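Novice: the following block contains a protein sequence and its predicted model.
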Amino acid sequence: MNRRFVIDAQSLPDLPGMMLVTVEALKALGGSATIHELEEQVIEMEGVTEAEQAFTMPRDENRTRVNYYLAWARTYLKRGGALENSARGVWALTDTGSLITGLEQTQAIHDRVSAEERKRAKAKRLAAKGNDTDLVEPEDVGLKGEGDWKSSLLAVLGAMTPDAFERLAQRLLREAGFTKVEVRGKSGDGGIDGVGVLRVNLVSFQVYFQCKRWKGSVGSKEIRDFRGALQGRADKGLFITTGHFTTHASDEATRDGAIAIDLIDGDRLCDLLKENQLGVQTKMIERVQVHEDWFEGV
């Protein structure tokens, strides 16, 4: 298979290649997709290895390099008129994007948008009297405003002691409806940190969980090791992490014929803490607008 881009620890990947695969992935998904669906499809189609998925950004170890540069690929395509996205973070092909079939087309969009970006950056530097101006972040509309608080929250969670993080997981599961939640992390019980009971209608399930403060990717090996500890004990497991799961880990978690393991990554963990108001509070800000023309008509 001829790869269109490769991810390593330092160098810039081939963005036009990433743009082309992004378009092809959207076509395979019916023309629209959430960011998560789109990134998983790109990784699967391009055969991005688990090692490549583990590389993180130097200043943000909670964000992988492949996801970061895929966000830039979407940004270039959007600015080139090939993609559009909604406030809910759903990305879709435009008429222009649906006509893209080759690398030369995404290369042309990349070159044009880059030239426009350089002009904007130059204008900003002149306006700022020579001060350097950084490039804007990739456009993931629907996540705007989220990145900052989630990064801050993940930094706080990463600084917690292991036993404190286990107690936080225990509290979260209780808020989610689990009963008899016990933390067993100090027992060295084969990677099992705790157990709880979840009642669904008339049926109760005993669920073992593992919770790890993790920077970067959780791979398929960790899922297999956790499943091994569950053998003969439970029909279901739950893996909670501050990091993220590779596509291989996600596939392993739902592998046919094996104990099912539900996954909660750092992004989902932040959402759950927010929903349950555990250390996260949403403040509504009042905005007052004066309509001068109304007073003129009095």
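Specialist: The structure has been received and is ready for your questions. Numbering: from 1, shown residues only.
Novice: who's in contact with residue 37?
Specialist: Listed by C-beta atoms under 8 Å, 6 or more residues apart in numbering, the contact partners of residue 37 are residue 29. (Glycine included, C-beta is placed from N, CA and C.)
Novice: what distance do you get for it to residue 3?
Specialist: 21 Å (C-beta to C-beta, to the nearest Å).
Novice: can you pull the contacts of residue 31?
Specialist: With C-beta under 8 Å, 6+ apart, residue 31 has these contacts: 92-93, 98.
Novice: tell me which stretches of this structure form strands.
Specialist: 32-34, 56-57, 60-64, 83-85, 90-93, 179-183, 194-200, 203-212, 217-218, 236-241, 244-245, 260-264 (DSSP state E).
Novice: which stretch in these is the model least sure about?
Specialist: The minimum mean pLDDT among the strands of the chain belongs to strand 60-64 (a mean of 78).
Novice: the closest residue to residue 199 other than its chain neighbours and residue 212, how far apart?
Specialist: Closest residue to residue 199 apart from its sequence neighbours, by C-beta to C-beta, 6 or more residues apart in numbering: residue 179 at 7.1 Å. Between residue 179 and residue 212 the computed distance is 23 Å (C-beta to C-beta).
Novice: more crowded one of the two?
Specialist: Using other C-beta atoms under 10 Å as the criterion, residue 179 and residue 212 rank with residue 212 on top: 18 against 11.
Novice: residues contacting that one?
Specialist: Applying C-beta under 8 Å, 6+ apart to residue 212 gives the contacts 218, 239-243.
Novice: picking that back up, between the contacts of residue 31, which sits nearest residue 82?
Specialist: residue 93 (7.0 Å; C-beta to C-beta).
Novice: what is the closest one paired to in the beta sheet?
Specialist: The bridge-partner assignment for residue 93, based on DSSP bridges, gives residue 83.
Novice: what ranges in the stretch 51-200 of the chain fall below the confidence cut-off?
Specialist: Counting by pLDDT under 70, the ranges of the stretch 51-200 of the chain that qualify are 127-147, 185-190.
Novice: cutoff 90 now
Specialist: By pLDDT under 90, the weakly predicted segments of the stretch 51-200 of the chain are 54, 56-64, 86-89, 116-152, 155, 158, 162-163, 184-193, 199-200.
Novice: the nearest residue to residue 23 once chain neighbours are set aside: neighbour count?
Specialist: In space, and not counting its chain neighbours, residue 23 is closest to residue 100: 4.8 Å by C-beta to C-beta, 6+ apart. Using other C-beta under 10 Å, residue 100 has 24 neighbouring residues.
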